[in-house]
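> Dropping the sequence and predicted coords here.
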Amino acid sequence: MSDANLQHGRVTFLDGRGDLSALEITTPWSRAEIFPHGATVTQFQKTGEPPVLFLSQCSRYTNDAPIRGGIPIAFPWFGKPEGKTMQHGFARVKDWELKEVASPPDGSVTVRMRLPNYADATAWPGCNVEYVVTVGEALGVELIVTNKSASEAAYEDCLHTYFTVGDISQVAVIGLKGVEYLDALDGRKRKTETAESIRFTAELDRVYLNTAHVVEIHDAALRRVIRVAKEGSRSTVVWNPWIAKAKAMADYGDEEYKQMVCVESGNVAENQVKLRAGESHRTVVRISTTKI
C-alpha cells in the first residue's frame, strides 16, 4: 500500500479485493475507489451521505469477470450482438493502464487510464481508448475514443452506472417523458415513454434513444436526488432486474434489487458512434447529489 503525494486530495494504492488491486481517492468532499480491472469506479460517497454507487456484496473480484456494480464500461458493443460471445464487450474485463494521477487547483483528484491493445480488439485497429475519472464534490467520468486508423470505426459505449437507492419502490426516474425507447423485455419493440416519472414494480430494461439531456433519480427513502448530466451521449439505459433475474445472477444478491437502479449513459443501438480517420469522441457523465 502506498500514497501518491498530491496538493489537495490523496490517492492510496491498495491491494484491493480478491485478485484485483485498487485506488482509493479522498478529497475534501468525498471518497471514491477505482479498480484498474475494467477501469471500474466502484465507490463514490460524499462526506456524511450514503454511497452514491451500488456495489453487490456477491461481486467476483477475478481477472476473468466484470465487477458487479459501480460503473462498468460497456465497449465496444452493448448487450450481446449476434456473433459475439461476451456480454457488453471486452473493456470491462481488461486491466487498464494507469497513465496519470493529478490534483487540480480546485481540490479534486483526476485519474487517467488507458485501455491497452489486446488481441481481441483487432476488430478496432488503431483506436486509442482512454478513461478520465474526476473525484470532487461531484463525480465525473469521461470515455475518450480516438480513431488512429485510416478507415472508419464504429462502436457502442455505455457507462453502466449502478446507483444506490434506499427502496426501489420509492424511486422515480425523471426526465424521459416523450422519449422513444427499445423495450428489451418485449422483443426490443420501439415504444414512447408516456409517464412523467418511471417507477418500479417489476423488472425493467429499456434503451431510451436520442437523450442528450439530464436525467434525475428521486429517492424518497434516502431523501436525495441524484442528477446525471452528460455530453456526447445520446442513449440512456434504465434497468432493474427485479426478483427472478436477481436470483438467477450468481454475482448478485437475491434481495439487492431493492437497493439499486441502473441509469446508464452512452451511445447504443442506432445511436452508435461512427468515427472517421483521425476523429475522437468523448462520452462525458457528471454525477451530483442534492438533499430533499
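Yep, it's here. A quick note: this is a predicted structure, and the numbers were derived from the prediction, not measured.
> Excluding covalently adjacent residues, which one is nearest to S30?
Spatial nearest neighbour of S30, excluding adjacent residues (CB to CB, 6 or more residues apart in numbering): K46 at 4.8 Å. Placement of C-beta: from N, CA and C, glycine included.
> what about that neighbour, how many neighbours?
The number of residues packed near K46 is 19, by other CB atoms under 10 Å.
> Could you measure from it over to L159?
Applying CB to CB, to the nearest Å, the value for K46 to L159 is 19 Å.
> Likewise for E279?
Taking CB to CB as the measure, E279 falls 20 Å from L159.
> And these two? Which one has more around it.
L159 (25 against 13).
> Pull the contacting residues for the more buried one.
71, 73-74, 141, 143, 233, 264-266, 283, 285 (CB atoms under 8 Å, 6 or more residues apart in numbering).
> and it, what are its bridge partners?
I73, S265 (DSSP bridges).
> Starting from L139, give me the distance back to it.
For L159, the distance to L139 - CB to CB - is 11 Å.
> list the residues that contact both of the two?
Here L159 and L139 share no contacting residue, scored by CB under 8 Å, 6+ apart.
> rewinding a little: top of the contacts of L159 by number of neighbours, please.
Using other CB under 10 Å as the neighbour test, the contacts of L159 are led by S265, with 30 neighbours.
> so what pLDDT did it get?
At S265, the model reports a pLDDT of 98.
> Tell me who's in contact with it.
Counting by CB under 8 Å, 6+ apart, S265 touches 158-159, 161, 228, 230, 233, 235-236, 283, 285.
> so how far is W242 from it?
22 Å.
> again with I198
The spacing between I198 and W242, counted by CB to CB, is 14 Å.
> was I right about L139 contacting A229?
No. Between L139 and A229 no contact is recorded; they are 11.1 Å apart, counting by CB atoms under 8 Å.
> Of these two, which one has the most company?
Comparing L139 with A229 by other CB under 10 Å, the one with more neighbours is L139, at 25 against 17.
> Residues in a beta bridge with the more buried one, which ones?
When assigned by DSSP bridges, L139 has beta-bridge partners V135, I287.
> just T26 next, same as before
On the basis of DSSP bridges, T26 is bridged to R10, R31.
> got it, and A154?
Legend: beta-bridge partners of A154 under DSSP bridges are K274.
> if I pick it, what's in contact with it?
A154 makes contacts with 272-275, as judged by CB under 8 Å, 6+ apart.
> Out of those, which is nearest to T27?
T27 has its nearest neighbour among these in V273, at 31.1 Å by CB to CB.
> you'd agree that closest one is up against N147?
No. V273 is beyond contact range of N147, at 9.7 Å (criterion: CB under 8 Å).
> who has more neighbours, these two?
Between V273 and N147, counted using other CB under 10 Å, the more crowded position is N147 (24 against 21).
> Run a quick check on the more buried one versus K274, I expect a contact.
No. Taking contacts as CB under 8 Å, N147 lies outside contact range of K274: 9.3 Å.
> Can you check which residues contact both of those two?
Joint contacts of N147 and K274 (CB under 8 Å, 6+ apart) are A153.
> Now do the end-to-end distance for stretch 270-279.
End-to-end distance for stretch 270-279, by CA to CA, to the nearest Å: 19 Å.
> list the buried ones in that stretch?
Within stretch 270-279, the residues scored as buried using 16 or more other CB atoms under 10 Å are 271-273, 275.
> D186 versus the residue nearest to G69 when sequence neighbours are not counted, what's the distance?
Spatially, and ignoring its direct neighbours in sequence, G69 is nearest to L55 (3.6 Å; CB to CB, 6+ apart). Applying CB to CB, the value for L55 to D186 is 30 Å.
> For those two, indicate the residue with more neighbours.
Using other CB under 10 Å, the more surrounded residue of L55 and D186 is L55, with 19 against 11.
> Now do the contacts for that one.
Counting by CB under 8 Å, 6+ apart, L55 touches 42-43, 67-70, 162.
> in the sheet, who's paired with the residue lying closest to A184 once chain neighbours are set aside?
Nearest residue to A184 in three dimensions, chain neighbours excluded: D205, at 3.9 Å (CB to CB, 6+ apart). On the basis of DSSP bridges, D205 is bridged to W239.
> just to revisit the earlier point, what score does the residue nearest to S30 have for pLDDT?
97.
> Please apply the same query to G38.
Looking at G38, its pLDDT is 96.
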